[in-house]
Every structure is written in structure tokens, then in C-alpha cells.
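Novice: dropping a prediction and its sequence here:
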Amino acid sequence: MPLGHLNFITGNTNKLVEVKAILGDIVPLQSQSLDLTEIQGTIQDISKDKCQRAAAIIGGPVLTEDTCLCFNALKELPGPYIKWFLQALGHEGLNNLLMAYKDKSAQAVCTFAYCSGPGHEPIIFEGRVTGTIVAARGPTNFGWDPIFEYDGETYAEMDKAKKNMVSHRAIALSKLKRWLQAQ
Ligand SMILES: O=c1[nH]cnc2c1ncn2[C@@H]1O[C@H](COP(=O)(O)OP(=O)(O)O)[C@@H](O)[C@H]1O
Ligand SMILES: [Mg+2]
């Protein structure tokens, strides 16, 4: 492994807790919060751009993460804009967006980007889980967890250990881990 530690750029405590739980002792993690603006575009464009700017500010290697929630009936919107949709509409409002459609399926998409330093091209690791948007069930401490149902339970109802085994974040991190171990 080439890295002393990974510098994970995030201001989201819930994400940090999950990333630490999933990566365990395999990768020592250091975290830092930067207020980075996000461009509009595809998930990959947004992730790469953000990661490159974080590396330029830090002046070294960084890991960034973006989470999208894509409603299939809405051609994958809100997608990268889910944070603002959730903030404005809440769980009920997000459900209402799908009222006009039979298809309630959604994809949770987690994108990690690793950039080895300023000017270097970021590498992307994506995890995607298809679930169903339902009326909120379970604790409300993490984002849209209560309205995303997978395998009969919402993410919020799920045992933490199970979420960290099956989630979009777990899938993306297993790809990152494999890549790190091959370096
Ligand atoms: O695993 C998850 N479950 C539920 N909500 C999540 C999960 N990961 C991210 N979110 C939420 O989805 C949105 C994703 O936006 P973004 O990735 O920009 O988050 P951040 O800026 O808080 O790090 C935020 O509202 C975040 O709280
Ligand atoms: Mg974001």
C-alpha cells in the first residue's frame, strides 16, 4: 500500500462513521472538512472536479465522496442534487415526487474519488444499489435512510452492520480497498 493514511474530505459525520466502520483497520483514515462547491453535470464529472479541487487546496492526496439518489421514474433525478431536494422537500415531499408514477424504484449511488495530488487525474470507485422509495420508517438521523427500502427494510431500520455490508457505500469501498491493496 503506497499511502501512510487516506485524507478523507468530508463534513458529514454519518458518512465518516460508515467509512471508518467499513474500512476498519485496513486503511488508516484521517478526515478533514472543506467547504467545496459542486459543479453541475454527470455524477463522475462532479466527483472528479471536486476531488481535483480538494487535492489542489490540500496540496497532496485526497479521498472525496459523493452520494446520489436517482429515481428511475424521474430519469435518475434528483441524482447529485438529492441533498437540496431532501432539505427542501423532506421525506414526504420526496415520496410525493413519485406519486404520479407506478415505478417507485431508486438507485443509491456512492462515488469515491481518489486524487494523488494537484494536477493528477482522479480515480473513481462507484457503488450502486437499487431499492424502493417508501413512506419513512426508522430513525431519522441520516439523510434519506428512512425512505430507501432494500431487502424488506429501510436503510434506517437496518442493523448498522447489515447496512455496511450491503450499501452503495460498502460496494464502492470494496472497490477502493481492492485497488489500494493492489498498489
Ligand atoms: O447512505 C446514506 N443514506 C442516507 N442519506 C445519505 C447517505 N449518504 C448521503 N446521504 C445524504 O444524501 C445527500 C448527499 O449529498 P452529499 O453527498 O453532497 O452529502 P454531504 O455534502 O452531506 O457530504 C445528503 O443529504 C446526505 O446527508
Ligand atoms: Mg455532494
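Specialist: Happy to help now that I have it. In this text, all values refer to a predicted model and were calculated from it rather than measured experimentally. Residues are numbered from 1 along each chain as shown. Ligands and ions are numbered 1, 2, ... in the order given.
Novice: quick one: Arg137 and Gly152 touch, right?
Specialist: No. Because the distance of 10.9 Å does not satisfy Cβ atoms under 8 Å, Arg137 is recorded as not touching Gly152. The C-beta positions use only the backbone N, C-alpha and C, and glycine is treated the same way.
Novice: okay, these two: which has more neighbours?
Specialist: Arg137 (16 against 8; other Cβ atoms under 10 Å).
Novice: most remote residue from the chain's center?
Specialist: Here the centre of the chain is the reference, and by Cα atoms, centre = their mean the most remote residue is Ala100, at 27.2 Å.
Novice: quick one, what contacts Lys48?
Specialist: With contacts defined as Cβ atoms under 8 Å, 6 or more residues apart in numbering, the neighbours of Lys48 are 113, 121-122, 124.
Novice: Ile58 reaches Phe8, doesn't it?
Specialist: No. Shown here, Ile58 and Phe8 do not form a contact pair, counting by Cβ under 8 Å, at 11.1 Å.
Novice: for these two, list the residues in contact with both.
Specialist: Residues touching both Ile58 and Phe8 by Cβ under 8 Å, 6+ apart: Gln32.
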